[in-house]
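Q: here is the input, now give the coordinates:
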Amino acid sequence: MPDFSILIEYFDFYIEGFVNTIYASILALLGSFLLGTVIAVFRITTVKPLRWLGTVYVEFIRNIPLLLIVYLFYLVLPMLGITLNGFISGTIGLTVYTAAFIAETIRAGIMSVPKGQSEAALSSGLTYVQTMRYVILPQAIKIVIPPLSNQFINLVKNSSVLSVIAGLDLMYFGDRVAGKTYATFDTYIFVAVFYLVLTLPLSYAALILERRLAKHS
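A: This next block holds a predicted model:
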């Protein structure tokens, strides 16, 4: 049975980490979705330099550890005169990393939209950018909502990487509590509960949205 006195005594630590985790997750979610959408369009464009750039980005980022990307922002940039704190470095690294996976998810959705849709839009006078924005992407994103939801949930869990660089997230404060109490089991059980408070509603909301979209279709 967990020692609830730890939760009560260090509740302010848990809450601060919980709020910072939400903040970092929202920022990274918005940033990775926007960046991932752009990279996905690059991946299927007929402009070779952009297609090459999108491919290099996805293949490079997906095949290196998230922690290494975070270290690049936290440890390497200061050598170039750009100093970022742990929270910002971790959030940017999380954004860059997740965007590569979101890009591939959205690209799959774009590829599943019938080609006739884009051909009809272009023949009606829309530009390529307008076709993507108003015709293709809305359909593609609707198709890939389930895997996108999984990526967003993974993002919340991956936010724990901020703890390694003093990013003031939930795991960081969990480590501090464990260091003060030496009750590692009890401390991290409560950390897990706070993560569940974040991820379970997201999973349920994604399921509801998926069912509604399926019913509407």
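Q: neighbours of L72, how many?
A: Other residues near L72 number 15, with proximity taken as other C-beta atoms under 10 Å. (Each C-beta comes from the backbone N, C-alpha and C, glycine too.)
Q: same check on the one 4 residues further on?
A: One way to gauge burial is a neighbour count; for V76, by other C-beta under 10 Å, it gives 11.
Q: can you read off the pLDDT for it?
A: Predicted confidence (pLDDT) for V76: 94.
Q: SS state for it?
A: helix (DSSP: H, G, I helix; E, B strand; the rest coil).
Q: show the pLDDT at the residue nearest in space to the middle of the chain.
A: Of all residues in the chain, the one closest to the mean position by C-alpha atoms, centre = their mean is L155, 3.9 Å from it. At L155, the model reports a pLDDT of 95.
Q: H216 now?
A: So H216 comes in at 63 (pLDDT).
Q: begin at 380, not 1, for the rest of this chat.
A: Renumbered: residue one is now 380, and that last one reads H595.
Q: wait, I423 sits on I489?
A: Yes - counting by C-beta atoms under 8 Å, I423 does reach I489; the two are 5.8 Å apart.
Q: more neighbours: those two, which one.
A: I489 (21 against 15).
Q: count the neighbours of the residue nearest to E589 when sequence neighbours are not counted for me.
A: Leaving aside its chain neighbours, E589 sits nearest to P525 (5.3 Å; criterion: C-beta to C-beta, 6 or more residues apart in numbering). For P525, the neighbour count with other C-beta under 10 Å is 14.
Q: for the strand or helix carrying P525, buried residues please.
A: Using DSSP states H and E, P525 sits within helix 524-537. If you call a residue buried by 16 or more other C-beta atoms under 10 Å, then helix 524-537 has these buried ones: I524, P526, L527, S528, Q530, F531, I532, L534, V535, N537.
Q: L451: which of those is nearest?
A: Nearest to L451 among those, counting by C-beta to C-beta, is N537 at 15.7 Å.
Q: surely that closest one touches T474?
A: No - contact criterion C-beta under 8 Å: N537 and T474 do not qualify, at 10.8 Å.
Q: contacting residues around S582?
A: S528, I532 (C-beta atoms under 8 Å, 6 or more residues apart in numbering).
Q: any idea how far it lies from E589?
A: 11 Å (C-beta to C-beta, to the nearest Å).
Q: list the residues that contact both of these two?
A: S528.
Q: for A562, give me phi and psi.
A: Per-residue torsions, A562: phi -100, psi 70 (degrees, to the nearest 10).
Q: what's the neighbour count on A419?
A: When neighbours are counted by other C-beta under 10 Å, A419 comes out with 28.
Q: number of nearby residues for the spatially closest residue to the residue nearest to the centre of the chain that is not a sequence neighbour?
A: Nearest residue to L534, sequence neighbours excluded (C-beta to C-beta, 6+ apart): T477, at 4.9 Å. Residues near T477, counting by other C-beta under 10 Å, number 25.
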